[in-house]
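Kindly generate the corresponding structure for this input.
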Amino acid sequence: MTTASHQLADIPGLVRCETSSVPELIAQATARTRAEYPHDEVYGQFCTIQEYIDCPPEDVFAYLSDIDSLDEYSVSTRSFRPTGTEGLHVGWDTLAEDTRIFMRLETNREALTLDYHCAWDQGDELWMIYLFRIVPAEQVLGKPGSVVIWTNCHHPNYDKNPYPELSPDPERIWVGDLWPLFYAGHRIELDNLKRILEYRSSRGLPISVAATPEAGA
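As a prediction, this is how the structure comes out:
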């Protein structure tokens, strides 16, 4: 037995082929598979959605990298503009009246990843992070296009507003109160994203927001 194997043997609860038979492994996997799952068990700590989009990965990345695209595919965030701090933008979240939302967009073109670092009311602690990964569909589905994976993690600040003194209204709904609806709400937005990109891509129209007729009007 190697040193590494010995260390693993000291860890309780591991399930591996070295210690469990194939029928035992299948039985454990079957026991964890149910027809229905409680909502909080699936989306309590992490909320991940995904979708196939019939649009080239580079175009999907370019669209999501443009902060102005949020005016099109998001349900409620609008009118982001640069602040006096480099890389930091501020806009409005219409889910709560008069609520400012701050954002810093971090992108990696080579890896096809985008992270929206956001927060309501202030731009110093951007704790609401929206993680996007774009996967070439040719690699995983055997067809052209993109798979978009979008994940949010349940930061403790969702449970309690860390800056209540900055709220424009003490009776305002807090973003964390909406966490149970994150899957459904983001699903709507991902459907919007799919419809917009597939419509433009299939017709040879410009993908970027700046190049659309509405933006130039």
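
Now do the buried residues in stretch 35-54.
By 16 or more other Cβ atoms under 10 Å, the buried positions in stretch 35-54 come out as 43, 47, 49, 52-53. (C-beta placed from N, C-alpha, C; glycine too.)

So Asp159 sits against Gly176, correct?
Yes. At 5.5 Å, Asp159 and Gly176 qualify as touching, with contact defined as Cβ atoms under 8 Å.

quick one: which of the two has more around it?
Ranked by neighbour count (other Cβ atoms under 10 Å), Asp159 and Gly176 place Gly176 first, with 18 against 12.

ok, and the closest non-adjacent residue to that one?
Nearest residue to Gly176 in three dimensions, chain neighbours excluded: Tyr158, at 3.3 Å (Cβ to Cβ, 6 or more residues apart in numbering).

burial measure for that neighbour, as a count.
For Tyr158, the neighbour count with other Cβ under 10 Å is 18.

That one: what's it in contact with?
Tyr158 sits next to 128, 175-176, 179 when contact means Cβ atoms under 8 Å, 6 or more residues apart in numbering.

Which helix or which strand is home to Arg200?
helix 182-202 (DSSP states H and E).

which helices and strands sit right next to that helix?
helix 39-43, strand 46-53, helix 57-65, helix 70-73, strand 146-153 (3 or more Cβ pairs under 8 Å, 6 or more residues apart in numbering; DSSP states H and E).

quick one: it to chain centroid distance?
Remark: helix 182-202 is offset 13 Å from the chain centroid, using Cα atoms, centre = their mean, to the nearest Å.

ok, now stretch 31-41?
Worked out by Cα atoms, centre = their mean, stretch 31-41 lies 22 Å from the chain centre.

same question, stretch 154-171
For stretch 154-171, the distance to the chain centre is 21 Å (Cα atoms, centre = their mean).

Quick check: buried residues in that stretch?
Going by neighbour count (16+ other Cβ under 10 Å), the buried part of stretch 154-171 is 157-158, 161, 167.
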